[in-house]
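**Student:** next input, structure requested:
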Amino acid sequence: MALNSVRKATRMPFEPKFTLTARIATDLMRIEGAKQAVVHLPITAAVVSNLWEIARLYSTHYSTLIEGNRLTQEQVSKVIGQQEHFPGRERDEREVLGYYAAFERVELLDPRQRKVLGLFRDRDTITSHEVELLFTQPHAVAFKVERSVLA
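**Tutor:** Take a look at the predicted model:
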């Protein structure tokens, strides 16, 4: 207990590098009011499902965007919803559809399979054969990846 009180005594005081203006205080109170208005609302299965879908769409857009995909967020949503085709962007469309499909498959994995998938983080590529094995024989994939990481 004495060590804890020594730590507190030697802490440097917090000196903010900003000024709390009336406008900032008003905005913070507005944010807190909005938070309190929704914090106790029930979240239905439909709401959760909708939030997951929005997260998948954003993840698909931004993850493929950093790889050079030229589709906008709106276009990604339309491609995934099979509502529109964008001539000249077939490669981008295939990439988005492939990423989204992989994302959906990963969500279906049981925890043991997700652990195996985590072993791929340090690798640049994963073959389609390894992906298929992941869903059919996760132990075989784990052995192969662990062996290649140790080699």
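**Student:** when you work out contacts or count neighbours from here on, use the C-alpha atoms and nothing else.
**Tutor:** Fine.
**Student:** in the host helix or strand of residue 51, what counts as buried?
**Tutor:** Using DSSP states H and E, residue 51 sits in helix 45-65. Residues of helix 45-65 classed as buried: 56-62, 64-65 (neighbour count, 16 or more other C-alpha atoms under 10 Å).
**Student:** which residues sit against that helix?
**Tutor:** 71-73, 76-77, 95-96, 99-100, 103 (C-alpha atoms under 8 Å, 6 or more residues apart in numbering).
**Student:** out of those residues, the closest to residue 15 would be?
**Tutor:** Proximity of the contacts of helix 45-65 to residue 15 (C-alpha to C-alpha) peaks at residue 73, which lies at 40.6 Å.
**Student:** assign residue 37 to helix, strand or coil.
**Tutor:** helix (DSSP: H, G, I helix; E, B strand; the rest coil).
**Student:** what segments of this protein are strands?
**Tutor:** In the chain, no strands are defined using DSSP state E.
**Student:** give me the domain ranges for the protein.
**Tutor:** 2-108, 110-151 (automatic domain parsing).
**Student:** any idea which of those domains scores lowest on pLDDT?
**Tutor:** Lowest mean pLDDT of the domains of the chain: domain 110-151, a mean of 56.
**Student:** gap between residue 59 and residue 76?
**Tutor:** Noted for residue 59: a distance of 10 Å to residue 76, by C-alpha to C-alpha, to the nearest Å.
**Student:** I should have written residue 39 there, sorry.
**Tutor:** 31 Å.
**Student:** the two: which is more packed in?
**Tutor:** For the pair residue 39 and residue 76, the greater number of neighbours falls to residue 76 (25 against 10), based on other C-alpha atoms under 10 Å.
**Student:** could you find the closest non-adjacent residue to that one?
**Tutor:** Closest residue in space to residue 76, ignoring its immediate chain neighbours: residue 61 at 6.2 Å, by C-alpha to C-alpha, 6 or more residues apart in numbering.
**Student:** closest one of the buried residues of helix 45-65 to residue 17?
**Tutor:** Using C-alpha to C-alpha, residue 62 comes nearest to residue 17 of the buried residues of helix 45-65, at 32.5 Å.
**Student:** and the closest one, how far is that from residue 68?
**Tutor:** Separation of residue 62 from residue 68 (C-alpha to C-alpha) stands at 10 Å.
**Student:** sweet, I'm off.
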